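Participant: Let me see the structure of the following:
(chains A and B)
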Amino acid sequence: MVTHTRAPLRADRLRALNVPRPVEVELDAHGFPFAIEEEGRGKRTVEEILEAWRIDDEWWREPITRQYVEVVLEGGRHVVLFEDLKAKQWFMQKP
Amino acid sequence: MLTQAAILSSELAVCLWIPLFPLRCEEQRRPELSGRPTALLSPSDTRRLWQISPTARRVGVRPGMTVSQAIGLCPTLTLCKPDPVHYDEQFTSVLLALNDVSPVIEPAELGRVFIGVDGLERLHGDPARQLRVIARVAGKGEGGRGKGTAAQLQRSSTRAKRNEHTFPPSPFPLPGGVELACGWTDAARLGWGRGKFLSWVAATRAKPGNAVIVSDEERREFLSGQPVAVLPISSDTHRRLWQLGLKTLADVARLPQVALVSQFGAEGRTAWQLATGSVTDPVTGKERPEPITASLDFPTPAADRAMLAHALNKLIERALGHPRRTGWRVHVVRARAALEHGTSWMTEVTLRDPSADRARIAAPLEVRLENTPPTGAVERLTVEFIAFARGTDELQLFARDASAAARAGRRSALYAAAHEIQTRLKRTMLSHIIEVQPWSRIPERRYALIDFEP
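Facilitator: Prediction:
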């Protein structure tokens, strides 16, 4: 990371980082992911579940309700999966 | 670490010109060639002739002819295999010697160099005395000073002593001309004048072993009588000037500048300005950083091009890793080879965009290796970086130079490169990561990208 250049920060000049990507998730009997399938990358199994948490936020404007699971995929890659409980859709992003 | 190259300049110039320099080098090495019809084979195609001695030229032998054509015209013609490394070493020794006279040295081509002489009158006296000093020093530089073998150095020293006796300073034999005491004996010509163009034209008008001095007062008159062929313009423009009946610089100078510009564009402006003597092109010298060299001796002479290309890559990689290269990009790279039977091969590439990337440096050398390969098996291959550009000017932010510059604590390199990108692409195209809500449980809220504005 480079040092801050003291240029004025403006919200319209910010670009999102670590944007969630849609992913297909297969769940086990307890409702935890055991395999994911990302478009064009095939199916990968979940080797370990590290942490799970739920978020209910921003109820005053666009409510966010998500169920997060941080997992280790086959091959050792760490990712964060979450289900948007309102849209009933799964996403993936970096931890 | 290399220091930043300082640019030195001088309006008053001396042009030292040794015509047919490579051929003269062969004659110096093999005195029996003097006076005989001799031709040097082309380094890129040894079936063709490159340089021709005046004796051979008189019987119709011309550069570019095939060997069989030339032998047909002149059965007694002596053919010499080219040894470009030797010629380069000889010329370098002349340049090094000239550095003792003036710090402003600008080599133009093999055998032609401009020397800045601003302020030298206090050291050496009037132009005639300056020319004598230059001729004497250039003569002492002959024979591979600094780079040559012990035998060469001894030979050089012997020659220098001999020259001092053979060519003592003498009075002016011609109006405006000075007879010289120079190691290149009867070959060297010198011109003294304001600006490179004037000094070059003066040198071309000097007799071998002599000099022509053109003072500021004589400048216009001297130039007016010169043919348009002396102008440094394209052959097409020369031809068109000739077709328009413009044969001397006086003919060109008589025309209004706008007429020449409308006909010939930028070349027309250059031609008019030089013909009227209204501009002075100063000699610009640069402090030359010491070259970085990497060499490889083959256990058995190698002729396989793939092997040579591989060796070139390895040598470039080794030279790039030299500590003095840190923070600098390579501008001019040279590959030279010592061949079997004592000859040599050399090629030099000036990179349009100086680089510190092995592949980018190697690519043009590999093309040269393919198109004009060495004429024999290679015993020793050398890669030499001979000119550099500062690492800050290039766009390779994340390449070797950026990391090298960063290692050297040169953050300014990053800012300069970002400015360069912004100028060229209108946007920096670079971003940096800022913290937005690093505590957030929503990962995409923690950090964001913002344009990097230096």
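Participant: For the strand ranked longest in chain A, buried residues please.
Facilitator: Assignment by DSSP state E gives strand A:42-57 as the longest strand of chain A. Residues of strand A:42-57 classed as buried: A:44, A:46, A:49 (neighbour count, 16 or more other Cβ atoms under 10 Å in any protein chain shown). Heads up, the C-betas are built off the backbone N, CA and C, glycines and all.
Participant: Other residues contacting stretch B:442-452?
Facilitator: In this structure, residues lying in contact with stretch B:442-452 by Cβ atoms under 8 Å, 6 or more residues apart in numbering or on different chains are A:2, A:5, A:7, A:9, A:13-20, A:55, A:57, A:64, A:66, A:80, A:93-95, B:418, B:427-428, B:430-440.
Participant: Show me these that map onto helices.
Facilitator: If you go by DSSP state H, the contacts of stretch B:442-452 have residue B:418 in helices.
Participant: just the buried members of the contacts of stretch B:442-452?
Facilitator: A:14, A:17-18, A:20, A:66, A:80, A:93, B:418, B:428, B:430-432, B:436.
Participant: which two in those residues are spaced the farthest apart?
Facilitator: Comparing every pair within those by Cβ to Cβ identifies A:66 and B:418 as the most remote, at 37.6 Å.
Participant: Strands of chain A, residue ranges please.
Facilitator: A:15-16, A:21-22, A:24-27, A:33-38, A:42-57, A:64-73, A:78-84, A:89-93.
Participant: Kindly report which one of the ones you listed carries the lowest mean pLDDT.
Facilitator: Here the lowest mean pLDDT among these goes to strand A:15-16, at a mean of 83.
Participant: and it, how far out from the chain's middle?
Facilitator: In terms of Cα atoms, centre = their mean, to the nearest Å, the centre of strand A:15-16 is found 16 Å from the chain centre.
Participant: Direction included, what does that strand pair up with?
Facilitator: In the sheet containing strand A:15-16, its partner strands are strand B:447-451 (antiparallel), by DSSP bridges.
Participant: Buried residues in the strand it pairs with, which are they?
Facilitator: For strand B:447-451, using 16+ other Cβ under 10 Å, the buried residues are B:447-448, B:450-451.
Participant: got it, and stretch B:371-386?
Facilitator: Neighbour-count burial for stretch B:371-386 flags B:373-379, B:381-386 (criterion: 16+ other Cβ under 10 Å).
Participant: Please apply the same query to stretch B:300-318.
Facilitator: Quick answer for stretch B:300-318 (16+ other Cβ under 10 Å): B:301-302, B:308, B:311-316, B:318.
Participant: and the residue lying closest to residue B:296 once chain neighbours are set aside, what does it touch?
Facilitator: Nearest residue to residue B:296 in three dimensions, chain neighbours excluded: residue B:381, at 5.1 Å (Cβ to Cβ, 6 or more residues apart in numbering or on different chains). Contact analysis of residue B:381 by Cβ under 8 Å, 6+ apart lists B:295-296, B:298, B:308, B:311-312, B:315, B:335-337.
Participant: And residue A:37, by the same measure?
Facilitator: A:23-26, A:43-44.
Participant: State the distance from it to chain B.
Facilitator: From residue A:37 across to chain B, the span is 21 Å (Cβ to the nearest Cβ, to the nearest Å).
Participant: Low-confidence stretches in the stretch 351-454 of chain B?
Facilitator: Scanning the stretch 351-454 of chain B for pLDDT under 70 picks out the ranges B:390-413, B:426-428, B:453-454.
Participant: so where do the strands sit in it?
Facilitator: Along the stretch 351-454 of chain B, counting by DSSP state E, counting those that start in this stretch, strands occupy B:378-390, B:431-435, B:447-451.
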